[in-house]
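Enquirer: Fold the stuff below for me.
(2 chains)
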Amino acid sequence: MNSSPSPRKNRRTPIRALLASEQETRGVHLGGWVRTARSGKGVTFLELNDGSCFASLQVVVDGASPAAVDIAGIGTGSCIEVTGDLVASPAAGQRWELKAAGIRLLGSADADYPLQKKRHSLEFLRTIAHLRPRSNTFGAVFRVRNALAFAVHKFFQERGFLYVQTPIITANDCEGAGEMFRVTTLDPKEPPLREGLVAWEEDFFGEKTGLTVSGQLQAELFATAFSDVYTFGPTFRAENSNTSRHVAEFWMIEPEMAFADLRDDCRLAEEFFRYMVVHALENCGEDLKFFNDRIEKGLIDKLGKLVGAEFKIMTYTEAVTRLQKSGEAFSYPLEWGLDLQSEHERFLTEKIVGGPVFVIDYPARIKAFYMRQNDDGRTVAAMDMLVPRVGEIIGGSQREERYDRLERRMGEVGIPLKSLSWYLDIRRWGSCPHAGFGLGFERLLMYITGMENIRDVIPFPRTPGNAKF
RNA sequence: UCCCCAGUAGCUCAGUCGGUAGAGCAGAUGGCUGUUAACCAUCGGGUCCGUGGUUCGAGUCCGCGCUGGGGAGCCA
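Expert: Numbers count the residues shown, from 1 in each chain, chains lettered A, B, ... in the order given. Below you'll find the model as predicted:
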């Protein structure tokens, strides 16, 4: 994918390409950061990593080589350039090594360098988010993140979905998806007032605006022109959530399909999820092996099982009944009409189904206004996809495409029709059945890497009280 | 936001019954004929999170605060 030679003048070869080499090569040039340096009497070994792959390349500096005079001051964390010959390694542990002819120290790293060659806690590494990409774990995380971001586009583009960039600044604060961050240019000390309240009509956009909590409503508009569309972009929630599953800024994937019902929606979600797992298994083997050994034992086995698993579909009503009959003592109440708690979802997917499951047709009063009302008069065509160990990972629905039904529902839950007139217009002219879902990219990464805290799968996490870096 | 737990060397941690602080790793120096987060020896390294209190005496007990973690809610 990215092993073609660099166009740069110095013709640096990535370590990934050197390690994949078929034969010895003279006169190669590379750069990287020293992971560890070991010195013997007549020879020094430097483990060099440039992020192009998980493995480091062993650079050998013979005491008699001209390069030997240049190794003073090179320790863990130093950035160096090396020229030399790629040769078969005479010792066990690696196939190739680099016999150095010349070394240039570009950036030294002294004893205060925080990322030492030892095991660090993930909590500590979070406090040095500017350096943690140079660690084994985070190198692997961000390579997998890169591979899967590419796979998201690949999946949808292969199926003819149109990629739409929905707005980041929006005036809808009634989507029901969460608290919004405010976007304003008004003076926070002396905002213009009208009858004692902030006069938002004098703000930059002439109305109250914030950062998007979802691109879904706009994606629906595009689905009624391009049939199949998807968004993949940043999403913001100003909730004061302090958990390992929530961040204030995250990336969400939201496909939307015209001429589709809830079953089509479930099928797409299943196909998408499986595709992501297969892509990771086929393209990130070395990184996944590290996660399997050090982060989540049995990870690769889990992913392999998911690829072959049948994704069950169960109605909310049946799920409640089966959970009640299970005899399990739950800490939270469980009865028809109440939302399923995390513990219920986990029990359902792990113990009752033993695999991924879609729960569909939830009571209308616990779900969003835009979900399609079912004929029974009390449920809507919603779906949540649950997977073992994580619980809910995808939430979606068939949308209410009937003007009068949607208008009535908006009235019931108190959403001013005027604010979403454009959303209703889609139902006035050329309406069609459509459905879609939302998937948090970071939660997908958590499932695939086994990382347990969402702050460890996003480069620079934003959480309540923390926007550093 | 609520509940629970934690905060000691650069990092990971120990510190007994309240009696003035310890290990490993990292660093420095020396040794070692090719090592695999090398090994051996020596050395340097502390605002015990902050603050107030109890006590002859607090890393240790109590109050408050801050920071981090786990769980819950909200959700993706």
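Enquirer: just to confirm, which helix or strand has residue A:86 in it?
Expert: Assigned by DSSP states H and E, residue A:86 falls within strand A:79-88.
Enquirer: Please save the CA atoms from that strand in PDB.
Expert: Extracted as PDB, the C-alpha positions of strand A:79-88 are listed here (Å, rounded to 0.1, in the frame of the first residue of the first chain):
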ATOM      1  CA  CYS A  79      16.500  10.600  15.900                       C
ATOM      2  CA  ILE A  80      19.200   9.500  13.500                       C
ATOM      3  CA  GLU A  81      19.900   9.000   9.800                       C
ATOM      4  CA  VAL A  82      21.800   6.000   8.800                       C
ATOM      5  CA  THR A  83      23.500   4.800   5.600                       C
ATOM      6  CA  GLY A  84      24.900   1.300   5.200                       C
ATOM      7  CA  ASP A  85      24.300  -2.100   3.800                       C
ATOM      8  CA  LEU A  86      21.300  -4.400   4.500                       C
ATOM      9  CA  VAL A  87      22.700  -7.800   5.200                       C
ATOM     10  CA  ALA A  88      21.500 -11.100   6.500                       C
END
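Enquirer: to the chain's geometric centre, what's the distance from the next helix or strand after it?
Expert: Scanning forward in sequence from strand A:79-88 by DSSP H and E, the next helix or strand is strand A:96-107. With CA atoms, centre = their mean, to the nearest Å as the basis, strand A:96-107 stands 36 Å off its chain's centre.
Enquirer: try stretch A:103-122
Expert: Chain-centre distance of stretch A:103-122: 28 Å, with CA atoms, centre = their mean.
Enquirer: What lies in contact with that stretch?
Expert: Stretch A:103-122 is touched from outside by A:31, A:34-36, A:59, A:61, A:67, A:70-71, A:73-82, A:128, A:131-132, A:134-135, A:137, A:453, A:456, with contacts defined as CB atoms under 8 Å, 6 or more residues apart in numbering. For the C-beta atoms, the positions are set from N, CA and C on the backbone; glycine is no exception.
Enquirer: And those residues, which of them are buried?
Expert: A:31, A:34-36, A:59, A:61, A:67, A:70-71, A:74-80, A:82, A:132, A:134-135, A:137, A:456 (16 or more other CB atoms under 10 Å).
Enquirer: you'd agree residue A:71 is up against residue A:61?
Expert: Yes - the pair residue A:71 / residue A:61 is scored as a contact, 5.5 Å apart, by CB atoms under 8 Å.
Enquirer: Residue A:46: what's it in contact with?
Expert: Neighbour list for residue A:46: A:34, A:36-37, A:58-59, A:61, A:71, A:74, A:80 [criterion: CB under 8 Å, 6+ apart].
Enquirer: Just to check, residue A:401 is in contact with residue A:432?
Expert: Yes - judged on CB under 8 Å, residue A:401 makes contact with residue A:432 at a distance of 6.2 Å.
Enquirer: related to what we said a few turns ago, filter the buried ones among the contacts of stretch A:103-122 down to the ones near RNA strand B?
Expert: With CB under 7 Å from any atom of the strand as the criterion, the buried ones among the contacts of stretch A:103-122 include A:36, A:75-76 near RNA strand B.
Enquirer: which ones among those are found in strands?
Expert: Judged by DSSP state E, the subset of those located in strands is residue A:36.
Enquirer: ok, of the ones next to RNA strand B among the buried ones among the contacts of stretch A:103-122, which one's closest to residue A:99?
Expert: residue A:36 (18.3 Å; CB to CB).
Enquirer: and the strand holding residue A:86, what does it pack onto?
Expert: strand A:25-39, strand A:43-49, strand A:96-107 (3 or more CB pairs under 8 Å, 6 or more residues apart in numbering; DSSP states H and E).
Enquirer: let's see it at 10 Å
Expert: Under the contact criterion of 3 or more CB pairs under 10 Å, 6 or more residues apart in numbering; DSSP states H and E, strand A:79-88 touches strand A:25-39, strand A:43-49, strand A:57-62, strand A:96-107.
Enquirer: okay if I get those as TSV plus distance to residue A:181 and mean pLDDT?
Expert: Below are these laid out as TSV (distance: least, CB to CB, whole Å; pLDDT from 0 to 100):
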stretch	distance to residue A:181	mean pLDDT
strand A:25-39	36	91
strand A:43-49	37	91
strand A:57-62	44	92
strand A:96-107	37	91
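Enquirer: so where's the stretch 1-150 of chain A uncertain?
Expert: The stretch 1-150 of chain A contains residues with pLDDT under 70 at A:1-10.
Enquirer: Return the residues of it in contact with RNA strand B.
Expert: A:36, A:38-43, A:45, A:47, A:58, A:60, A:62, A:75-76, A:89-94, A:97, A:99, A:111-112, A:114, A:116-121, A:123-124, A:126.
Enquirer: Mind giving me the ChimeraX command for buried ones among these?
Expert: Entered in ChimeraX, the line below selects the buried ones among these, by 16+ other CB under 10 Å:
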select /A:36,47,58,60,75,76,97,99,120,126
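Enquirer: in a helix, that's where residue A:280 is, yeah?
Expert: Yes - checked against DSSP: H, G, I helix; E, B strand; the rest coil, residue A:280 lies within a helix.
Enquirer: ok, it - contacts?
Expert: Applying CB atoms under 10 Å, 6 or more residues apart in numbering, we find residue A:280 in contact with A:144, A:147-148, A:151, A:287-288, A:291, A:300, A:303, A:444-445, A:447-449.
Enquirer: likewise residue A:127?
Expert: Contacts for residue A:127 (CB under 10 Å, 6+ apart) come out as A:114, A:120-121, A:468.
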